[in-house]
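Participant: just coords:
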């Protein structure tokens, strides 16, 4: 089978498509023919060495596909359509996946949509329901409002009765954010002027100070990414001015046990009822993986980027 391999840290050029043996099954696993693969900013951070991994490795951790072989002790059937999150090595034509980490894809959900949903959809879900429980009367500020998580988070926060303000970098992204339901769209320079109950910040270093300054008394800053780099160390005593809260969550801690299936069920139900509409972005052949990551890294994209084997 074909897979993408990283044998050294660096730019998009280090992503190489190589031939590898098809995966073999262990007890409790299924073998899946991959139909679509989600591209995430974490993939870039690992490729550059910001989040080091043992070399060489196959990037990616989410996608969708069809079960083609079932291992011992697995109550699944060949032909079942599934998606997944948190399965390393997903930039490949086939995967061996623990059956309990699979999410069944309902009828009416395409392979592309199923691959676009796990990481960003589950992230948006836990951000709005657990990292901070959004409710009526909240003023929610979402940075990178036209990104995959930002668009989904906007829709979920609106479902929960909040007033949503998004920050974006271009007029085109502003229009996309309004279409998702944002009550107000601002530039990053206007961030300080918001009195936010909660700010969802995936940008990190370049926005952290302004995000703190934009919180209302007892406001919460949810720092869930660092596309501009890590936030420098700061004195926690600064949070006493306004009794502020800062949280740095990660998805893996919010999809443990039955949380994975519960959150996925909510997402598919919202989509089925037309309450949430994921925004699909560009689709690239697996051989164009370097271009896909370069476009995401250069902030030239909106919605969810996919690779197709």
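Facilitator: On my side now, so go ahead. Because the structure is predicted, anything quoted here is derived from the model rather than measured.
Participant: from residue 67, how far off is the residue lying closest to residue 101 once chain neighbours are set aside?
Facilitator: Nearest non-adjacent residue to residue 101, counting by C-beta to C-beta, 6 or more residues apart in numbering: residue 84, 5.7 Å away. All C-beta spots, glycine's among them, are computed from the backbone N, C-alpha and C. Residue 84 is 11 Å from residue 67, where distance means C-beta to C-beta, to the nearest Å.
Participant: so what sits against both of those two?
Facilitator: With contacts taken as C-beta atoms under 8 Å, 6 or more residues apart in numbering, the residues that reach both residue 84 and residue 67 are residue 32.
Participant: which one's more surrounded, the two?
Facilitator: In this view residue 84 and residue 67 are compared by other C-beta atoms under 10 Å, and residue 84 has more residues nearby, 25 against 20.
Participant: who touches whatever helix or strand the residue nearest to residue 101 lives in?
Facilitator: According to DSSP states H and E, residue 84 maps onto strand 81-85. Outside of strand 81-85, the residues that reach it under the criterion C-beta under 8 Å, 6+ apart are 30, 32, 61-67, 90, 97, 101-105, 111, 114-115, 117-119, 122, 251, 255, 260.
Participant: so which residue is smack in the middle of the protein?
Facilitator: By C-alpha atoms, centre = their mean, the chain has its centre lying nearest to residue 120, at 2.9 Å.
Participant: roughly how far does that one sit from residue 152?
Facilitator: Taking C-beta to C-beta as the measure, residue 120 and residue 152 are separated by 6 Å.
Participant: anything in contact with each of the two?
Facilitator: Residues touching both residue 120 and residue 152 by C-beta under 8 Å, 6+ apart: residue 278.
Participant: phi and psi next, for the residue nearest to residue 185 when sequence neighbours are not counted.
Facilitator: When the adjacent residues along the chain are set aside, residue 185 lies closest to residue 174, with 4.4 Å between them (C-beta to C-beta, 6+ apart). Here is the backbone geometry of residue 174 (degrees, to the nearest 10): phi -60, psi -40.
Participant: for residue 174, what are its contacts?
Facilitator: Contact analysis of residue 174 by C-beta under 8 Å, 6+ apart lists 146, 168, 185.
Participant: what's the answer for residue 66, then?
Facilitator: 32-33, 35, 79-82.
Participant: now residue 129
Facilitator: Taking C-beta under 8 Å, 6+ apart as the test, what residue 129 contacts is residue 156.
Participant: please apply the same query to residue 163.
Facilitator: Contacts of residue 163 (C-beta under 8 Å, 6+ apart): 138-140, 183-184.
Participant: just list whatever residues bridge to it.
Facilitator: With DSSP bridges as the criterion, residue 163 is bridged to residue 139.
Participant: ok, it to residue 132 distance?
Facilitator: With distances taken as C-beta to C-beta, residue 163 is found 14 Å from residue 132.
Participant: same deal with residue 230?
Facilitator: Residue 230 is 21 Å from residue 132, where distance means C-beta to C-beta.
Participant: next: residue 49.
Facilitator: Distance, residue 49 to residue 132, using C-beta to C-beta: 31 Å.
Participant: settle it for me: which of those two has more neighbours?
Facilitator: For residue 49 versus residue 132, neighbours defined as other C-beta under 10 Å are more numerous around residue 132 (23 against 13).
Participant: run a quick neighbour tally on the closest residue to residue 104 other than its chain neighbours.
Facilitator: Counting by C-beta to C-beta, 6+ apart, residue 82 is the residue found nearest to residue 104 once chain neighbours are left out, at 6.0 Å. The number of residues packed near residue 82 is 21, by other C-beta under 10 Å.
Participant: residue 17 too?
Facilitator: Residue 17 has 17 neighbouring residues, counting by other C-beta under 10 Å.
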